[in-house]
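Undergrad: The sequence and its predicted three-dimensional model are supplied below.
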Amino acid sequence: MGQIQTFSTAGLTAPKTLESWRQAMAEVYFRLDIKRSGDAPLNGSLVNWQFESLGISNFRADAQRVIRRKHAAKIDRSEDFAFLFPVRQQMQFEQRGRTGLVGPGDVFLVNSADDYVIDVPDGSENITVKIQRDALKYRVKNIDARCARLNIANPHLVPIVSQLGFQLLKVQNCEDTVRLQDAVIEMICLMLELGDERGNLDLVRQPLASVLFDRIRGFMKRHIHDPDLSADLVAKTHKISLRYLQKIFQLNDTTFRRELMEMRLLEAHRLLVVGNRDGVGRVNIGQVAFMCGFSNQAHFSTRYRERFGSTPSGCIPPK
């Protein structure tokens, strides 16, 4: 049978409300830092039904900033997906370099393994469904790529799932919690698989629809001349983890190194062909290699031959 947890700051003195709320949030979700402006007491309540692989909770509270920090995620040593369905007020989130504002009737998803920030305004209420990663990773393709994005689900099914969460919190004497848990997970999967009717998310058929992927590729093109350009540098610049950067490229059937090499070789080919065709005099191959981020001409020539089937000098058109 699932376990029901309830918590409220009602009756607590002002100095104790914030710390008590922080502890309650940790018990229901995971380790979180809670920030408040001013010294006023924090009014909040939580009702949570914890199943084996998921938890369903109703959150009501005053304005606060909820912060998941990387060191807390390392301590927890777990990875959960948290689906947040705002019921009253809009909530703003930030994770993996992306931000979004989501209101009632919609949903957003965060991953507890990565740091994130959620800004909660006064009078907020939401239904949160927290699901262990293992319960979803084989059922929803590219589940990681849906985190911290807008329009991830079918808009007609979102309110149904939210209302299902509300109703299940009223069911406290059900013996067959396994079937209830499976029903919620099935509805979540259906909500995601049917997607957004507006066509804003098709991560498999339209990999370049990823705004972050496009932004990273743009950054790489602008810094193609830098021989020290690395995946670690790009991840830090875009304030995402190296692991997540690698996932972004995997979702697009490539890797960072492969994509960077392809960009450099295509730019070199363009400079050699166009430069020698339209320029005055012949373009220096060593110069082209340097301009495209190759540390030496021999390496450039080897990779160029592998890609285009001829040496760099062989592609230069006759004068």
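TA: Great, that's in hand. Every value quoted in this text rests on a predicted model; they were computed, and no experiment measured them. Numbering: from 1, shown residues only.
Undergrad: looking at this, residue 125 is in a helix?
TA: No - under DSSP: H, G, I helix; E, B strand; the rest coil, residue 125 sits outside any helix and is assigned strand.
Undergrad: what about residue 117, neighbour count?
TA: Residue 117 sits with 17 neighbouring residues when counted by other Cβ atoms under 10 Å. From N, CA and C alone the C-beta is placed, and that goes for glycine too.
Undergrad: State the distance from it to residue 214.
TA: 23 Å (Cβ to Cβ, to the nearest Å).
Undergrad: Got the domain ranges for this protein?
TA: Following automatic domain parsing, one gets these domains for the chain: 3-193, 206-319.
Undergrad: so which of those is the most packed in?
TA: Comparing the domains of the chain on average neighbours per residue, with mean count of other Cβ atoms under 10 Å, the densest one is domain 3-193 at a mean of 17.
Undergrad: quick one: low-confidence ranges for this protein?
TA: Within the chain, the ranges that satisfy pLDDT under 70 run 1-2, 172-173, 196-211, 275-283, 315-319.
Undergrad: All the strands of it, residue numbers only.
TA: Ranges of strands in the chain, per DSSP state E, are 3-8, 33-35, 44-50, 54-61, 64-68, 80-88, 91-95, 98-102, 108-111, 116-120, 124-132.
Undergrad: Nearest to residue 261 among those would be which one?
TA: The closest of the strands of the chain to residue 261 is strand 98-102. By Cβ to Cβ, the value is 27.0 Å.
Undergrad: by contact count, what packs against that closest one?
TA: When contacts are defined as 3 or more Cβ pairs under 8 Å, 6 or more residues apart in numbering; DSSP states H and E, strand 98-102 packs onto strand 91-95.
Undergrad: Next, find the distance separating residue 7 from residue 294.
TA: With Cβ to Cβ as the criterion, residue 7 and residue 294 are 60 Å apart.
Undergrad: so what's residue 169 up against?
TA: Residues near residue 169 by Cβ atoms under 8 Å, 6 or more residues apart in numbering: 47, 49, 56, 57, 58.
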